[in-house]
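Student: Below are the sequence and a predicted model for it; my questions follow.
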Amino acid sequence: MSDALGLAELQAAVQDFVLDPDRSIEHLIAANARIAPATQVGVYAEAYRARLVEALDADFSGLHAYLGDDEFRRLVHAYLAEHPSRHFSLRWFGAELAAFLAVHPVYAPHRELAELARFEWAQCHAFDAPDVIAIDSARLAAIAPDRWLALRLRFHPSLARLNLHTNAPDLWLALNAEEVPPALEQEAQSRPWLVWRHDLKILFRVLTEAEAFGLDQFRAGAGFSAVCEQWCDWFAAEEVPARAAGYLQHWINAGWVIDVL
């Protein structure tokens, strides 16, 4: 082994090789009668990639099952080439996977792959979100009538909104249960979905267009009167108060709302 390099330089050289095996460091490896230098350093490079495959499998097990072992491994290696891990925690390594799948020439034609990745990443977000206590119906009942027009809502940090063109959640459900997935379905118009955590469980459901619009507006900071006015695009004016009350009650029962302002 060459002693011309200091420890920091040697560590940097090994790291560069692990990240890019085309960078040879065989000249830095001591001779070994049993194992060639190329084989020795290759172990480290392969172990690093195998660990990243394991990390993405933990976050995208449905996508892994859908693609199969070999194709999933190729996907991770292709993703790693464009999005090397730059965070000390592997938790964030898959942050760009859905976007990568959506534009990569091999994977982009298969829209369900990117949507499966987005759906599973939303579940990761919901799982890791901080614990916050949701309000109950009594909190709404205590609000004075003159405050309702300006009422604003704060939502649980685990909520993640998705718009999906495929039946990715149905595919995931079957794959997660180790069942044969249903036939792929694709629609020109996306459908709104919500993923959240409640009582330590990850839940999800499709939303109606009107409910998704209202939820998005409230989460963006809109007040009650403004949202109700825009709900008139979906419902007759006389129906809006009852619809709004129904949505709010359902959201509170589901544990989505953590405060009213």
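Tutor: Yep, it's here. Numbers count the residues shown, from 1 in each chain.

Student: can you pull the contacts of residue 247?
Tutor: Shown here is residue 247, whose contacts under the criterion C-beta atoms under 8 Å, 6 or more residues apart in numbering are 211, 214, 215. C-beta coordinates here come from the backbone N, C-alpha and C atoms, glycine included.

Student: Give me the pLDDT for the last one.
Tutor: When you say that, I think you mean residue 215. Here the pLDDT value assigned to residue 215 is 97.

Student: Show the contacting residues for residue 137.
Tutor: With the criterion set at C-beta under 8 Å, 6+ apart, residue 137 makes contact with 249, 252, 253.

Student: got any ranges where the chain has weak pLDDT?
Tutor: In the predicted model of the chain, residues 1-5, 7, 9-33, 35-47 satisfy pLDDT under 70.

Student: Spatially central residue in it, please.
Tutor: The C-alpha lying nearest the average C-alpha coordinate of the chain belongs to residue 121 (C-alpha atoms, centre = their mean; 1.6 Å).

Student: Over to that one: give its phi and psi.
Tutor: The main-chain torsion angles of residue 121 are listed as degrees, to the nearest 10 and equal phi -70, psi -40.

Student: Over to residue 202?
Tutor: For residue 202, the backbone dihedrals (degrees, to the nearest 10) come out as phi -90, psi 120.

Student: Likewise for residue 185?
Tutor: Comment: the main-chain dihedrals of residue 185 come out as phi -120, psi 140, following degrees, to the nearest 10.

Student: Identify each of the strands in the stretch 101-250 of the chain and give its residue range.
Tutor: Using DSSP state E, counting those that start in this stretch, the strands assigned to the stretch 101-250 of the chain run over residues 153-155, 160-166, 186-198, 201-206.

Student: Report all helices and strands that the shortest one contacts.
Tutor: Read it as strand 153-155. Contact analysis of strand 153-155 by 3 or more C-beta pairs under 8 Å, 6 or more residues apart in numbering; DSSP states H and E lists helix 209-219, strand 257-260 as its packing neighbours.
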